[in-house]
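[1] 3D model of this:
(chains A and B)
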Number of protein chains: 2
Amino acid sequence: MKIDVCFTPNDFTSKDYYGYHAVVIDVLRATTSIATACANGCQCVIPVKTVEEAFSLKAQNPDAVLAGERSGLLIPGFDLGNSPFEYTKDRISGKIIVMTTTNGTLALNKVVAAQKIYVMAFANAASIVTALHQAQENTIIVCAGSEGKFSLEDALCAGLAAECLSHEAELSDTALAAQAMYRDFAADLFTRVSQSSHADYLCSIGFKKDVALCLQQNTIAVVPVFAANAITA
Amino acid sequence: MKIDVCFTPNDFTSKDYYGYHAVVIDVLRATTSIATACANGCQCVIPVKTVEEAFSLKAQNPDAVLAGERSGLLIPGFDLGNSPFEYTKDRISGKIIVMTTTNGTLALNKVVAAQKIYVMAFANAASIVTALHQAQENTIIVCAGSEGKFSLEDALCAGLAAECLSHEAELSDTALAAQAMYRDFAADLFTRVSQSSHADYLCSIGFKKDVALCLQQNTIAVVPVFAANAITA
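    Okay, here's the model as predicted:
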């Protein structure tokens, strides 16, 4: 199997990756929150691009939970922000979550034509790596990035997958690069990722605990899969 | 000073980097050949985007040397290809070289509005790092990449610069990533970069010696600068 990495959603085209499985990563914080929600028994997460779409879906499903962020903050009229700490069993068990975030849900919608779409974060990395190992399919890992730009933490999470699969997969240039980044950062991930621009921004608006949680590896055993417009475990 | 890296020329916009100095890297092989040409006493290198522009400039300067490649190979009617081994003193000393390559000369033309533009490869890395250290200016390192896509060897060369300047510069996410890649690859650069797609392609068309030469560090002490449409030492 081939493993390739797009450092931003802009680098992804359906044509280049026809027949591939896809993995979407937005470590800070969308895919960590989605993995948490799936582990805590939500019915599904429906990722949408705009706040308007979210309200429109809520109108059709009055029990749905509206979740997401703009500029990292709770959206007025929404139930939950984008912190994984908010996605507790008492709030989301059995619920449909309609979610819109700046980068993660956009990236999910970009790869919607892929054969199969996994949702990955450091939190559920081992589960996703196991799923990719079992599938043995060509896979494109798409980093959500930050407003179209490279995000260090997403690339490092892609690099963790590349490192784990390097003995059985053919790695592209970007996968080799991500693997090398991860290997260099691994021993001191939290301290060094705190230097990254998005981690720094989240800390500045009060989410230092979120950053610490999102950089912990293998805290959740869940394989969220995005199909037919919804993510389920 | 800030050090930022664009992994492809598409990531560069003049607006984002207003007032910055720029460094252009196309390790395999344009910027290695340009550094070699400057070290061997060419009058200047004029980078152009198209074969037609090159022939047009040659018509105006009959003594000019036409150089470059398409798909890695000599362009029909041109004097030199894109191998640094071709840019010998006897061929290019005192000459105007008009050069067009698939990625490197395109990248140079993309950053043309920058305050100052340096041409870097592994071959002249130490000289460029010294120049950046002395300048103490915000700098954007633009990797030429490969037909709009990420190139491992260019990112690693950017990472070498980031690593050398890390104690005095503020590194962006991409600069931190490139630095980490370089640190992980450094001990065995040639063997591991040979896995990269462009190195593999060049080896397949007979340029294994070029790849080996282009990955050697600090073999030339030269600081090529691109200004007023021409590169001079």
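[2] Return the helix or strand in chain A with minimum mean pLDDT.
    Least confident helix or strand, chain A: helix A:189-193 with a mean of 89, by mean pLDDT, DSSP states H and E.
[3] what's the nearest residue to residue A:61 if we skip its chain neighbours?
    Counting by Cβ to Cβ, 6 or more residues apart in numbering or on different chains, residue A:61 lies nearest to residue A:96, which is 5.6 Å off, once chain neighbours are set aside. For glycine as for every other residue, the C-beta is placed from the backbone atoms N, C-alpha and C.
[4] Which strand residues bridge the one you found?
    residue A:44 (DSSP bridges).
[5] Tally up the residues packed near it, please.
    For residue A:96, the neighbour count with other Cβ atoms under 10 Å in any protein chain shown is 17.
[6] For it, which residues are in contact?
    A:42, A:43, A:44, A:46, A:61, A:63, A:64, A:65 (Cβ atoms under 8 Å, 6 or more residues apart in numbering or on different chains).
[7] 7 Å - rerun?
    A:43, A:44, A:46, A:61, A:63, A:64 (Cβ atoms under 7 Å, 6 or more residues apart in numbering or on different chains).
[8] before we move on, the earlier item: quick one: name whatever helix or strand follows the least confident helix or strand of chain A.
    helix A:197-204 (DSSP states H and E).
[9] next one: that following helix to chain centre, how far?
    17 Å (Cα atoms, centre = their mean, to the nearest Å).
[10] repeat for stretch A:154-163
    Distance, centroid of stretch A:154-163 to centroid of chain: 12 Å (Cα atoms, centre = their mean).
[11] neighbouring contacts of that stretch?
    Outside stretch A:154-163, the residues that touch it by Cβ under 7 Å, 6+ apart are A:3, A:5, A:7, A:23, A:25-27, A:120-122, A:125, A:128-129, A:132, A:141, A:143-145, A:171, A:175, A:178-179, A:181-183, A:185, A:193, B:177.
[12] Mind checking which of the residues you listed are buried?
    A:3, A:5, A:7, A:23, A:25-27, A:120-122, A:125, A:128-129, A:132, A:141, A:143-145, A:171, A:175, A:178-179, A:181-183, A:185, A:193, B:177 (16 or more other Cβ atoms under 10 Å in any protein chain shown).
[13] Just the ones of those residues in strands?
    A:3, A:5, A:23, A:25, A:120, A:141, A:143, A:171 (DSSP state E).
[14] will you turn these into a markdown table that also has distance to residue A:83 and pLDDT?
    Output for these, formatted as a markdown table (distance: Cβ to Cβ, whole Å; pLDDT from 0 to 100):
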| residue | distance to residue A:83 | pLDDT |
| --- | --- | --- |
| A:3 | 30 | 98 |
| A:5 | 26 | 98 |
| A:23 | 22 | 98 |
| A:25 | 18 | 98 |
| A:120 | 18 | 98 |
| A:141 | 24 | 98 |
| A:143 | 20 | 98 |
| A:171 | 33 | 96 |
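[15] Local confidence estimate at residue A:161?
    You'll see residue A:161 listed with a pLDDT of 98.
[16] now residue A:129
    So residue A:129 comes in at 98 (pLDDT).
[17] show me the residues around it that make contact.
    By Cβ under 7 Å, 6+ apart, the neighbours of residue A:129 are A:161, A:164, A:165.
[18] How much space separates it from chain B?
    According to Cβ to the nearest Cβ, to the nearest Å, residue A:129 and chain B sit 19 Å apart.
[19] so how many other residues sit close to residue A:45?
    29.
[20] Give the buried residues for stretch A:35-48.
    A:35-40, A:42-48.
[21] which residue is nearest the middle of chain A?
    Centrality entry for chain A: nearest residue to the mean C-alpha point is residue A:31, 2.8 Å, by Cα atoms, centre = their mean.
[22] Now for that residue: which residues touch it?
    A:24, A:25, A:104, A:119, A:120, A:121.
[23] how about these, which pair is most distant?
    With Cβ to Cβ as the measure, no two of the contacts of residue A:31 lie farther apart than A:104 and A:120, at 10.9 Å.
[24] Can you pull the residues of chain A lying near chain B?
    Applying Cβ under 7 Å from any Cβ of the partner chain, one finds that chain A approaches chain B through A:7, A:150-152, A:155, A:173-174, A:176-177, A:180-181, A:183-185, A:195-197.
[25] Show me which of these are buried.
    By 16+ other Cβ under 10 Å, the residues of chain A next to chain B give A:7, A:150-152, A:155, A:173-174, A:176-177, A:180-181, A:183-185, A:196-197 as buried.
[26] Specify which member of the residues you listed is nearest to residue A:90.
    Nearest to residue A:90 among those, with distances taken as Cβ to Cβ, is residue A:151, at 31.2 Å.
[27] so residue A:181 touches residue B:178, yeah?
    No - look at residue A:181 against residue B:178 with Cβ atoms under 7 Å: they stay out of range, at 8.7 Å.
[28] Distance check, residue A:196 against residue B:171.
    Look at residue A:196 and residue B:171: by Cβ to Cβ, to the nearest Å, they are 10 Å apart.
[29] can you check residue A:212 too?
    22 Å.
[30] Equivalent analysis for residue A:36, please.
    Residue A:36 is 31 Å from residue B:171, by Cβ to Cβ.
[31] wait, what's in contact with residue A:231?
    Contacts of residue A:231 (Cβ under 7 Å, 6+ apart): A:34, A:38, A:44, A:45, A:47, A:119, A:224, A:225.
[32] Can you lay out the residues you listed as a markdown table showing pLDDT?
    A markdown table is the format used below for the contacts of residue A:231 (pLDDT from 0 to 100):
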| residue | pLDDT |
| --- | --- |
| A:34 | 98 |
| A:38 | 98 |
| A:44 | 98 |
| A:45 | 98 |
| A:47 | 96 |
| A:119 | 98 |
| A:224 | 98 |
| A:225 | 98 |
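[33] what's across from the spatially closest residue to residue A:115 that is not a sequence neighbour in the sheet?
    Nearest residue to residue A:115, sequence neighbours excluded (Cβ to Cβ, 6+ apart): residue A:21, at 5.4 Å. As for beta bridges, residue A:21 partners with residue A:139 under DSSP bridges.
[34] who are the neighbours in contact with residue A:21?
    A:114, A:115, A:116, A:135, A:137, A:139.
[35] Can you give me the buried ones in stretch A:103-110?
    Buried residues in stretch A:103-110, counted by 16+ other Cβ under 10 Å: A:103, A:104, A:105, A:106, A:107, A:108, A:110.
[36] Can you give the contact residues for that stretch?
    A:9, A:12, A:24, A:26, A:30-31, A:47-49, A:99, A:142, A:144-147, A:226.
[37] mind redoing it with 6 Å?
    Contact with stretch A:103-110 is made by A:9, A:12, A:24, A:26, A:30-31, A:47, A:49, A:99, A:142, A:144, A:146, A:226, as judged by Cβ atoms under 6 Å, 6 or more residues apart in numbering or on different chains.
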